[in-house]
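Participant: Give the three-dimensional model of this entry:
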Amino acid sequence: MLKILIKVVALLYIGSLLLYSQNPADVDSALKAINDIRENEGLYLLETNDEINNIANIRAKELAISFSHIRPNNTRYDELLYTHRIRVFSSDENIAYRFKNAETVISYWMNSDQYKINILSEKFTHVGISHYSVNGEDFWVAIFVQLRR
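Facilitator: Predicted coordinates for the structure are as follows:
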């Protein structure tokens, strides 16, 4: 019985690996698209770093559980910034799902008044982006921050 249980757990784990993916090329394309838009508007380009991208990765996975700006543990997305000791003056979050590539998700965000404001805001200095795909569903997040120096 124990051997069967171990095999079932192993198959479920391997199956979950096959159904989940993150593509860094998508993130790079989204960052380039955001910065192209900002450049065309005469704004400075947003930077990124591993810490903020890691927060975005966590949020993208959480969106697969609960698609909301409120996290599955009932806290706001920015709680992740505080718990990971990322010091910010301000932040905001763009989320989306069912978009297969960077071009379509950026177009969606630019056609949303609130999300467009985040992309074009002069106050943000950095952005963390993640695209998480699981079971054929795609989840995107961009976390915009103004870092404290």
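Participant: hey, let's count contacts and neighbours off CA atoms from now on
Facilitator: Fine.
Participant: Lowest-scoring secondary structure element of the chain by mean pLDDT?
Facilitator: Least confident helix or strand of the chain, by mean pLDDT, DSSP states H and E, is helix 2-19 with a mean of 45.
Participant: quick one: pLDDT of the closest residue to Glu122 other than its chain neighbours?
Facilitator: Leaving out its chain neighbours, the residue that sits closest to Glu122 by CA to CA, 6 or more residues apart in numbering is Leu43, at 6.9 Å. You'll see Leu43 listed with a pLDDT of 97.
Participant: From the structure, what's the count of residues near Leu43?
Facilitator: Using other CA atoms under 10 Å, Leu43 has 14 neighbouring residues.
Participant: so which helix or strand takes in it?
Facilitator: Using DSSP states H and E, Leu43 maps to neither a helix nor a strand.
Participant: what ranges do the helices span in the protein?
Facilitator: In the chain, helices defined by DSSP state H lie at 2-19, 24-40, 50-65, 79-83, 102-110, 113-120, listed in chain order.
Participant: Out of those, indicate the one that is most buried.
Facilitator: Compared across the helices of the chain, helix 50-65 shows the largest average neighbour count, a mean of 20 (mean count of other CA atoms under 10 Å).
Participant: Might you report the residue contacts of the residue nearest to Ser29 when sequence neighbours are not counted?
Facilitator: Ranked by CA to CA, 6+ apart and with sequence neighbours excluded, the top spatial neighbour of Ser29 is Ala102, at 5.9 Å. With contacts defined as CA atoms under 8 Å, 6 or more residues apart in numbering, the neighbours of Ala102 are Asp26, Val27, Ser29, Ala30, Ala33.
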